[in-house]
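Chemist: build me a structure from this.
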Amino acid sequence: MPEKRNKFRKINFRVFTIILVITALTSIMLKLNKDFSFKVKVPIAFNNLPKDKLLKEYTADKINVTGVASGYDYLKYRFYDQYFEIDLSKVKRKDSTLYYYDFDPENDRLNGSLSNSILKAYQPDTLFVVMDTNYEKKVRVRSQVELTYSPGYGSLKGLEIKPDSVLVRGPKSSIDTLKAVYTLPERFKDIKGSLNDSIRLTTRTAIKQLEIEPRYVKYSLNVAKFTEGALTVPLQLINVPAQVTAKIFPKRVKLIFNVNFKNYDRLKPSDFKVVCDFNKIDSTSTTLTPEIVQSPSYVRDLRLAEKTVQYLLVK
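Modeler: As a prediction, the model looks like this:
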C-alpha cells in the first residue's frame, strides 16, 4: 500500500511540473507579443566611402537609440549583432574635411533584429566625421642600415637599395610634406662577406592610414678584400693668368687609397688627375690646394698626402 502512494505522489509531481512549465511558457509568449520600449547602444558601421577619400576621425563609434519593438524582436537583439549603418557618400559637408550626419528617427532604420522597430530618438543626434583626400606620390627610400667592416674589407658601391623610390598613399594633409621613407634600423658588424636580403619600410613619425607600396625593399652589399696603395702623380695647373708663369713645389703629389686585390695591378699614375686651380687662389696666401678631379671607379678612401703646395708667379 505505501508503494502505491509513493508512485501516485511521483505522478502528481510530474504533472504539476509540466503544467507549471506550460503556464510559464504561455505567460512568456503572451508578454513577447506585446511591444516593449527599449534604449540600446549600438555600434556605427560606415559604408560607401568615396574612392578619393579617407575616413580619419568620427565623434562616436556607438549611438544610443530609444524606440519601441515587439518582445520577440527585442529578445533576438540580445543574441544577435545590431548596428546602425551610415552611407558616407551621402553625408553633408561642413568644411573642406569636416562632414556631418543628422540622425532622423522617422526615416532611419537599424539593421539586424530591430530593423522593424519604431525609433523615437538618437543620442547624439548628429555625428561628425573627418574625411581627408586620399593622396599619393613617389618618395625616396633612405637607409638606416649601419655597416662596420672587418679590417681589410670594404665595398666599392656600398649598400644598394632597390627600388630606391616607392609610392605612398594617405591623407593629403599628412603626406603632402613627406619627402622620404626609411628602412627599419639595422646594424651589421665585422662584415667580411656580401649581404642580400629584404627590409621593411617605415616613416620617422607615425602617419595614420598610410600605405607604402611596396612595403619591403631589397638591399645588397658586395664586399671584397681591400689593401692600401699609394701612387705619385704629376700635379697640373689650370687657369694660370696669360701674362705670368707659375711654378709649384712640389710638382708631384702622393695619393693614398684602398683598392681590392684583383684591381691593384691595374692602377697607374695616368688613371688619376690632380689639379691646382688658379681661379681659386687666395691673394693673401702663397699656397694652393690640390684637387682630385679624376680617379678610377674601383678605388675608395682616396686622399692626398699633401694638403697644400707652394706656388710662385713669375712675370
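Chemist: Y101: neighbouring residues, count only.
Modeler: By the other C-beta atoms under 10 Å criterion, the neighbourhood of Y101 contains 20 residues. From N, CA and C alone the C-beta is placed, and that goes for glycine too.
Chemist: try the one 5 residues further on
Modeler: E106 is flanked by 6 other residues according to other C-beta under 10 Å.
Chemist: which residues does it contact?
Modeler: Contacts here follow C-beta atoms under 8 Å, 6 or more residues apart in numbering; on that basis E106 touches L119.
Chemist: part of a strand, is it?
Modeler: No. When classified by DSSP: H, G, I helix; E, B strand; the rest coil, E106 is found to be coil rather than part of a strand.
Chemist: could you check how far it is from V233?
Modeler: The span separating E106 from V233 equals 91 Å under the rule C-beta to C-beta, to the nearest Å.
Chemist: could you do Y216 as well?
Modeler: 45 Å.
Chemist: how about E306?
Modeler: Taking C-beta to C-beta as the criterion, E306 is separated from V233 by 11 Å.
Chemist: what of T59?
Modeler: In this view, T59 and V233 are 73 Å apart by C-beta to C-beta.
Chemist: these two: who's more crowded?
Modeler: Neighbours per residue (other C-beta under 10 Å) separate T59 from V233, with V233 holding more: 21 against 11.
Chemist: between E306 and V233, which contacts overlap?
Modeler: Common neighbours of E306 and V233 (C-beta under 8 Å, 6+ apart) are V253.
Chemist: could you pull out the strands in the stretch 101-250 of the chain for me?
Modeler: Under the criterion DSSP state E, counting those that start in this stretch, the stretch 101-250 of the chain contains strands at 118-123, 126-142, 145-149, 153-154, 160-162, 165-171, 180-183, 186-191, 195-202, 211-213, 216-221, 224-238, 245-249.
Chemist: of all those, which lies closest to T97?
Modeler: The stretch from these with the least distance to T97 (C-beta to C-beta) is strand 126-142; that distance is 5.3 Å.
Chemist: quickly run through the sheet partners of that closest one, with directions.
Modeler: According to DSSP bridges, strand 126-142 has the following sheet partners: strand 53-58 (antiparallel), strand 98-102 (antiparallel), strand 165-171 (antiparallel), strand 180-183 (parallel).
Chemist: and those as JSON lines, adding distance to D277 and mean pLDDT?
Modeler: Putting the strands paired with strand 126-142 into JSON lines (distance: least, C-beta to C-beta, whole Å; pLDDT from 0 to 100) gives the following:
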{"stretch": "strand 53-58", "distance to D277": "55", "mean pLDDT": "88"}
{"stretch": "strand 98-102", "distance to D277": "61", "mean pLDDT": "91"}
{"stretch": "strand 165-171", "distance to D277": "36", "mean pLDDT": "93"}
{"stretch": "strand 180-183", "distance to D277": "35", "mean pLDDT": "97"}
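Chemist: could I get these as CSV with distance to Y122?
Modeler: What follows is the strands paired with strand 126-142, written out as CSV (distance: least, C-beta to C-beta, whole Å):
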stretch, distance to Y122
strand 53-58, 15
strand 98-102, 9
strand 165-171, 29
strand 180-183, 42
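Chemist: quick one, which of the ones you listed is nearest to Y149?
Modeler: Of all these, strand 180-183 sits nearest to Y149, with 19.1 Å by C-beta to C-beta.
Chemist: can you point out the buried residues in that closest one?
Modeler: Neighbour-count burial for strand 180-183 flags V181, Y182, T183 (criterion: 16 or more other C-beta atoms under 10 Å).
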